[in-house]
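>>> Give the three-dimensional model of this entry:
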Amino acid sequence: GLNNKFVAIEHLSLAPAEARHAEGYNLELRQLEVLSRLAEDVAKLRNFSELNLVALFKILKKYGKVLKVSDGPAMQARLLESTGLGDTSRFDELSTTIRQAFLRSSPCQGLEGSLE
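Next comes the predicted model:
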């Protein structure tokens, strides 16, 4: 797009080594932007998963009342155990991997912080 044209024109005035450095820096910034968006998407996905779980439990509760099922909580516990729906560790692992990749990026090396 237009930004790329300006970057290309800007690079014409730079020495080859400086231009390569600027290109590398721009690539690193783009990588950081992608990692940041990815972290946001993982957080949204986690929230969506939790919301769906709450909705499922409400449906099961209503189902239990209509059919007069007395073991509703036990059924929910069995469902969680057998399906892993309540397991959010996969989101934690993704978030940790993204955070580590973010911190390994050269502009961020040695920094500690949160992507959220």
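>>> what about the spatially closest residue to residue 94 that is not a sequence neighbour, neighbour count?
Nearest residue to residue 94 in three dimensions, chain neighbours excluded: residue 42, at 4.9 Å (Cβ to Cβ, 6 or more residues apart in numbering). No exception for glycine: its C-beta is placed from N, CA and C like everyone else's. Using other Cβ atoms under 10 Å, residue 42 is surrounded by 20 other residues.
>>> and after the longest helix belonging to the chain, which helix or strand comes next?
Among the segments of the chain that qualify as a helix by DSSP state H, the longest is helix 16-66. Of the helices and strands lying after helix 16-66 in sequence (DSSP states H and E), the nearest is helix 72-83.
>>> Now that next one: buried residues?
For helix 72-83, the neighbour count (16 or more other Cβ atoms under 10 Å) marks 72, 76, 79 as buried.
>>> now that helix and helix 16-66, what's the angle there?
140 degrees (axes from the mean of the first three to the mean of the last three Cα atoms, to 10 degrees).
>>> And the contacts of helix 72-83?
56-57, 60-61, 64, 69, 85-86 (Cβ atoms under 8 Å, 6 or more residues apart in numbering).
>>> ok, now how distant is the nearest residue to residue 57 once chain neighbours are set aside from residue 60?
In space, and not counting its chain neighbours, residue 57 is closest to residue 76: 5.9 Å by Cβ to Cβ, 6+ apart. Distance, residue 76 to residue 60, using Cβ to Cβ, to the nearest Å: 6 Å.
>>> and what of residue 46?
Counting by Cβ to Cβ - residue 46 and residue 60 are separated by 21 Å.
>>> Residue 105 too?
44 Å.
>>> same question, residue 54
Residue 54 sits 11 Å away from residue 60, going by Cβ to Cβ.
>>> and if you look at residue 40?
31 Å.
>>> if we can go back for a sec, roughly how far apart are the residue nearest to residue 57 and residue 61?
Distance from residue 76 to residue 61, by Cβ to Cβ: 8 Å.
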